[in-house]
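In: return a 3D structure for these sequence lines:
(one chain, ligands or ions: 1)
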Amino acid sequence: MTKKIGVLVMSYGTPASMDQIEAYYTHIRRGNRPSEEQLKELTDRYEAIVGGVFPLRANTDHQAESLQQALNKLSAEGKADAEFVCYQGLKHTSPFIEDGVEQMAKDGIKEAVGIVLAPHYSIMSVGSYIKRAEAKAGELGISMKFVKEYHLNPSLIEAISRKVSSKLDLFEESGAKRDQVRVLFSAHSLPARILDMGDPYQDQLLATSKAVAEKLGITQWQFTWQSAGRTAEPWLGPDILDTLKSLSAEQVEDVLAAPVGFVSDHLEVLYDLDIEAKAIAKELDMRLERIDMLNSDPLYIQALCESVFDVMEKE
Ligand code: FEC
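Out: Numbering: from 1, shown residues only. As a prediction, this is how the structure comes out:
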């Protein structure tokens, strides 16, 4: 009988409906309920992007289904002697990471691989997903391996490069010079103290950005942060809104945002970039476009498959 390998596909998670926003936000805040004002602000942001639909949920569902299909196709072609079953484990909402591991145990899975739908490792992001999954798997006797990062996987770099290139084409078609478009790679900011901890997050993001820029021969690029939390401690900067102001002062007119730290359409892209950053760009009389997100792009799914097989082959 072919053995079954569980694949725990971990992602940030999004509320299931508007009335779940408070519980979701409370979980992000480690059990502290948000004030009425904070809750209203977040609810307004969700309403502004999609009027009550949460795109991250459908995207994660589709990514997990596509990954399962692709892994089993490769397995049937001889890449492995196993049947892969994907389980979702979300960071801040149901099914939680622990629920995903528990479901694997109920289904009799003894061996599993965990992968996060975020290519760059930080102890505060991917590290925390892995810690939770590892603890639950240990408790339930599942042997688990984890993909820690895949920020330089060639299929990932190719997938992002194609997205960047097709938006540069769009600038060109409307008369802008390709090499005068400033490409702004971005990712979710984290508290600046991660740098003192020797965290690889910033270096990995810069490495992805550099690899894409080199592949496409882009010289006019820089990296900036976005979506910083509203807490008293300093977060990594500069923030994209400040970067746009600096670029305007440099007389840059055409900007392409490439949020390489994210893989799906969701709030931090559809609101923070498409609404908030675009409003600032408009005030500055600047054209700001954004690359399409990877979502279930076959090359991204290939990058996930390759990362799963790589980690399985490691002792
Ligand atoms: O579409 C959606 O519903 C969810 C979009 C979403 C994604 C996402 C990814 C990351 N986050 C990361 C770090 C932090 C830290 C805090 C924090 C707070 C929030 C809040 C919302 C939110 N995040 Fe998020 N994040 C998304 C959404 N995030 C909503 C709460 C309100 C706000 O501040 O805007 C601060 C928590 C704290 O108070 O301690 C830190 C990182 C990622 C990318 C990696 C990953 O996907 O795991 C890092 C998507």
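In: for the residue in the stretch 1-150 of the chain that the ligand sits nearest to, give me its contacts.
Out: The minimum distance from the stretch 1-150 of the chain to the ligand, using CB to the nearest ligand atom, falls at Thr14 (3.1 Å). Yep, even glycine has a C-beta here, placed from its N, CA and C like the rest. By CB atoms under 8 Å, 6 or more residues apart in numbering, the residues touching Thr14 are Tyr24, Phe54, Pro55, Leu56, Arg57, Thr93, His266, Leu267.
In: the ligand next: which of these are close?
Out: Residues of those in contact with the ligand (CB under 6 Å from any ligand atom): Phe54, Leu56, His266, Leu267.
In: which of the residues you listed fall within helices?
Out: Judged by DSSP state H, the ones next to the ligand among the contacts of Thr14 include Leu56, Leu267 as members of helices.
In: turn the ones next to the ligand among the contacts of Thr14 into CSV, including neighbour count and distance to Tyr121.
Out: Listed next are the ones next to the ligand among the contacts of Thr14 as CSV, based on neighbours: other CB atoms under 10 Å; distance: CB to CB, whole Å:
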residue, neighbour count, distance to Tyr121
Phe54, 22, 26
Leu56, 23, 21
His266, 22, 20
Leu267, 20, 22
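In: out of the ones next to the ligand among the contacts of Thr14, who's nearest Leu39?
Out: Using CB to CB, Leu267 comes nearest to Leu39 of the ones next to the ligand among the contacts of Thr14, at 14.4 Å.
In: which ones are touching that closest one?
Out: Per CB under 8 Å, 6+ apart, neighbours of Leu267: Thr14, Arg45, Tyr46, Ile49, Leu56.
In: change it to 7 Å
Out: By CB atoms under 7 Å, 6 or more residues apart in numbering, the residues touching Leu267 are Arg45, Tyr46, Ile49.
In: same deal with Leu56?
Out: Counted by CB under 7 Å, 6+ apart, Leu56 has contacts Tyr12, Thr14, Ser264, His266.
In: now with 6 Å, please.
Out: Thr14, Ser264, His266 (CB atoms under 6 Å, 6 or more residues apart in numbering).
In: give me the neighbour count for the residue nearest to the second one when sequence neighbours are not counted.
Out: The shortest distance from Ser264 to any residue that is not its chain neighbour, by CB to CB, 6 or more residues apart in numbering, is 4.1 Å, and that residue is Asn59. When neighbours are counted by other CB atoms under 10 Å, Asn59 registers 21.
In: in the strand or helix carrying Asn59, what's buried?
Out: Element membership for Asn59 (DSSP states H and E) is helix 55-76. Residues of helix 55-76 classed as buried: 55-57, 59-60, 63-64, 66-68, 70-72, 74-75 (neighbour count, 16 or more other CB atoms under 10 Å).
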